[in-house]
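[1] Task: produce atomic coordinates for the following.
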Amino acid sequence: MDYSELDKHRRSAVPLQLDTIEAFAAGRLSRREFMQRAAILGLSMGAISAIVAACGGTPASAGASAAASAGASAAGSAAASAAGSAAVGGTMRVAAQKPVKVDPVAMQDLGGYGITSQSFEFLCALTPNNLVDIGPGLALKWTPNADGTVWKFDLRQNVKWQDGTPFTADDVVATMERLVTAGNSGLKGVLGPGGAVATDPNTVTFTLLGANGNFPYLVSVFNAQTLITPKAYAAGTTLDKSPNGTGAWKLTKYDPQTGASFVRNEDWWGGKTPLDGLEFIFFDATGPMVTAYQGDQVDAIIQFDILTGKNLLDDPNFTPIVAPAALHRQIWMRCDTGQFAKKEVRQALAYTFDRPALVQQLFQGNAQLGNDHVIWEGYPYFDSSVPQRKQDIDKAKSLLSTAGVSNLTATLHAGQLLEIPDLATLLKSQAAQAGITLNVAVESLDTFYGAQWCPDKPADPPCSGAAELGIVDYGHRGTPDVYLNAALKSKGIWNSSQYNSTAFDDAFKGFQTSVGVDAQKAACNKIETILVEDTPIGLPYFYNYLAGNSKKFNGPLYASGLGQMVFSAASKVA
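    Coordinates of the predicted model:
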């Protein structure tokens, strides 16, 4: 232990950063956990690397440290590097899920997330390291106050909107006001009206409604609607109607049924992209995406499933992205009315899930067991001491008897996406063992999202028009805040279960205000325990993210697990 070097960083750290440094030095955080947490709290890559080395670990790469200290984002640095060493020119054809909405404020689907993020950018960006870390985007750095109630973001300078006007702190403030008004999935209850203030043209100060140790994640790629849009941008405007972002790609054509085209933004702050452009081709399912790739009709696939795309993993001409992730399905059950209002009935259905069989049959082992809560085992604060729920048909029957329910028959609604229709069929078979009859209804995503999962009306509370039972997809997040806030908190904007629990809300608030890892772990123990007991959702698995591209193109190509893929450094093989 190099105490001299360590003390230097202790002295310059704010209290939240110091807590993380001390936890790492004491061995309570792994190297990976420390690097993730330190980045969230605004420590520079140079400081992180020095602290790891001072504690006897292998420091982060010199290249990564230099890039961070220079204030370049991962995407910008990679693009500049690739442009200097690879062939320039050409277009990449990208297979993507058909978007439902391309309104940056109101979109809810992975297809929309992927399209809008090519033109608009986040304060905190995705990094190529893994599906958890974030780094500088339109913000160069961020610093919390002593208790995590105030965060100062220093913005990147000399950035222009694609129409040539300068990007300033006023654009960030206006964006945040729109998101607060809309009740954004991650910011609702965290940031209030007037909470974001332009301290100067290059600085925004966020004063939160309460302490929050994960706030940078809530203005990052992992809260997909927080793309920064111009000050004059009106809520409800779609990308195709106002294609004026700060990102690497300029939209030139958009057809909601067939695809979208982008060209290089010659004035992008990150440098000149090697590729001239991108062509997105929309699909309703992954099977046709894989077929299109095999027929040389596309060059990259943003996401595919193992059942239709296993052969790609063995294709010598394909570069796969395979990563454990918090991707999951939530089987929501209405807690306020109908056949699942009693928790014993919800528990009974959850006890019919044969989780290992689902993981094997749907993912051939490329997934991890879920336990009916949203705290993924890859999060540093996951608590493995909460008992894993297993299939128990006798228990399910007993719970139904206790609830006074017999001959339970319900419609299980599902969207046409990846393995979800197959999951619905397997759940129907497993539930039948306990005498539960599930009638499966598979619908197009636009119908499913609008009519079954979270209809616009009634608007108060949100999702109160949802069906009593269904399966909804959730993309990967680097922290569980959005899942907890939007899907499970009372009156959350995606709370299709209509779950309303003071005990859960208090536990979630405890997680939000916990600024140290030890405190976050304790809060997650409460959250996991409450959700397993109440079972507003069934969550049978978290599955690995699969994507990739043809070896006709160089990388790095990297993705969020949330529908976004970064192409700014991609180039054709010379």
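[2] going forward, measure contacts between C-alpha atoms and count neighbours the same way
    OK.
[3] Contact partners for the residue nearest the centre of the chain?
    Centroid check for the chain by Cα atoms, centre = their mean gives Arg477 as the closest residue, at 3.0 Å. Going by Cα atoms under 8 Å, 6 or more residues apart in numbering, Arg477 touches 131-132, 222-223, 326-327, 561-562.
[4] just the buried members of these?
    Among these, those classed as buried by 16 or more other Cα atoms under 10 Å are 131-132, 222-223, 326-327, 561-562.
[5] Break down the stretch 401-550 of the chain into its strands, ranges please.
    Assigned strands in the stretch 401-550 of the chain, in chain order: 409-415, 437-443, 469-474, 537-538, 541-543, 545-550 (criterion: DSSP state E, counting those that start in this stretch).
[6] Would you convert those into a markdown table that also reports mean neighbour count, mean pLDDT and distance to Pro455?
    As requested, those are exported to a markdown table (neighbours: other Cα atoms under 10 Å; pLDDT from 0 to 100; distance: least, Cα to Cα, whole Å):
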| stretch | mean neighbour count | mean pLDDT | distance to Pro455 |
| --- | --- | --- | --- |
| strand 409-415 | 20 | 97 | 14 |
| strand 437-443 | 18 | 97 | 14 |
| strand 469-474 | 22 | 96 | 13 |
| strand 537-538 | 27 | 98 | 18 |
| strand 541-543 | 25 | 97 | 26 |
| strand 545-550 | 24 | 94 | 28 |
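[7] The ones you listed: which one's closest to Val88?
    strand 545-550 (16.9 Å; Cα to Cα).
[8] quick check, distance from that closest one to the centre of its chain.
    17 Å (Cα atoms, centre = their mean, to the nearest Å).
[9] Now it - C-alpha only, CSV.
    Only the C-alpha atoms of strand 545-550 are listed here, as CSV (Å, rounded to 0.1, in the frame of the first residue of the first chain):
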residue,chain,number,x,y,z
TYR,A,545,-26.7,-9.2,-24.4
LEU,A,546,-25.9,-10.4,-27.9
ALA,A,547,-25.0,-8.2,-30.8
GLY,A,548,-22.3,-7.9,-33.4
ASN,A,549,-21.0,-7.0,-36.8
SER,A,550,-19.4,-8.3,-39.9
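[10] Residues contacting that strand, please?
    Residues outside strand 545-550 that contact it (Cα under 8 Å, 6+ apart) are 299-306, 317-325, 327, 561.
[11] Also stretch 365-376?
    Applying Cα under 8 Å, 6+ apart, the contact partners of stretch 365-376 are 306, 324, 326, 350, 355-356, 359-360, 382, 388-389, 480, 483-484, 524, 527-528, 531-532, 535, 537-544.
[12] just for this protein, where's the confidence low?
    3, 15, 58-86, 515 (pLDDT under 70).
[13] Now for it: which helix has the highest residue count?
    Using DSSP state H to define each element, the chain has its longest helix at helix 517-534.
[14] other SSEs contacting it?
    Helix 517-534 is packed against helix 343-351, helix 502-513, with contacts defined by 3 or more Cα pairs under 8 Å, 6 or more residues apart in numbering; DSSP states H and E.
[15] List only those of the contacts of strand 545-550 flagged as buried.
    Among those, those classed as buried by 16+ other Cα under 10 Å are 299-306, 318-321, 323-325, 327, 561.
[16] Take those and keep only those in helices.
    Mapping those onto helices (DSSP H) picks out Ile306.
[17] nearest to Gly56, of the helices and strands packed on helix 517-534?
    With Cα to Cα, the closest approach to Gly56 among those belongs to helix 502-513: 30.6 Å.
[18] Measure how the closest one sits relative to helix 517-534, angle-wise.
    Between helix 502-513 and helix 517-534, the angle comes out at 160 degrees (axes from the mean of the first three to the mean of the last three Cα atoms, to 10 degrees).
[19] what distance separates helix 502-513 from the centre of its chain?
    Taking mean C-alpha positions (Cα atoms, centre = their mean), helix 502-513 and its chain are 21 Å apart.
[20] can you check stretch 384-402 too?
    So, by Cα atoms, centre = their mean, the centroid of stretch 384-402 is 30 Å from its chain's centroid.
[21] hey, C-alpha coordinates of that stretch in CSV?
    Provided in CSV are the C-alpha atoms of stretch 384-402 (Å, rounded to 0.1, in the frame of the first residue of the first chain):
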residue,chain,number,x,y,z
SER,A,384,-27.2,-13.0,-2.5
SER,A,385,-28.5,-13.9,1.0
VAL,A,386,-32.2,-13.4,0.0
PRO,A,387,-33.4,-17.0,-0.7
GLN,A,388,-33.8,-17.9,-4.4
ARG,A,389,-37.4,-18.8,-5.3
LYS,A,390,-37.7,-22.2,-7.0
GLN,A,391,-40.5,-24.0,-8.7
ASP,A,392,-42.8,-25.5,-6.1
ILE,A,393,-46.1,-26.7,-7.6
ASP,A,394,-47.5,-27.9,-4.3
LYS,A,395,-46.7,-24.5,-2.7
ALA,A,396,-48.5,-22.8,-5.6
LYS,A,397,-51.6,-24.9,-5.2
SER,A,398,-51.6,-24.2,-1.4
LEU,A,399,-51.3,-20.5,-1.9
LEU,A,400,-54.2,-20.5,-4.4
SER,A,401,-56.3,-22.5,-1.8
THR,A,402,-55.4,-19.9,0.9
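[22] Can you name the residues in contact with that stretch?
    Here stretch 384-402 makes contact (Cα under 8 Å, 6+ apart) with 344-345, 347-355, 371-372, 377, 406, 433-435, 525, 528-529.
[23] how about that stretch: buried residues?
    Buried residues in stretch 384-402, counting neighbours by 16+ other Cα under 10 Å, are found at 389-391, 393, 396-397, 399-400.
[24] thinking again about what came up before, which one of the buried ones among the contacts of Arg477 is nearest Pro104?
    Proximity of the buried ones among the contacts of Arg477 to Pro104 (Cα to Cα) peaks at Asn223, which lies at 11.1 Å.
[25] who are the neighbours in contact with the closest residue in space to that closest one that isn't next to it in sequence?
    In space, Asn223 comes closest to Gly186 once its chain neighbours are excluded; the distance is 6.4 Å by Cα to Cα, 6 or more residues apart in numbering. The contact partners of Gly186, by Cα under 8 Å, 6+ apart, come to 218, 223, 481-482, 485-486.
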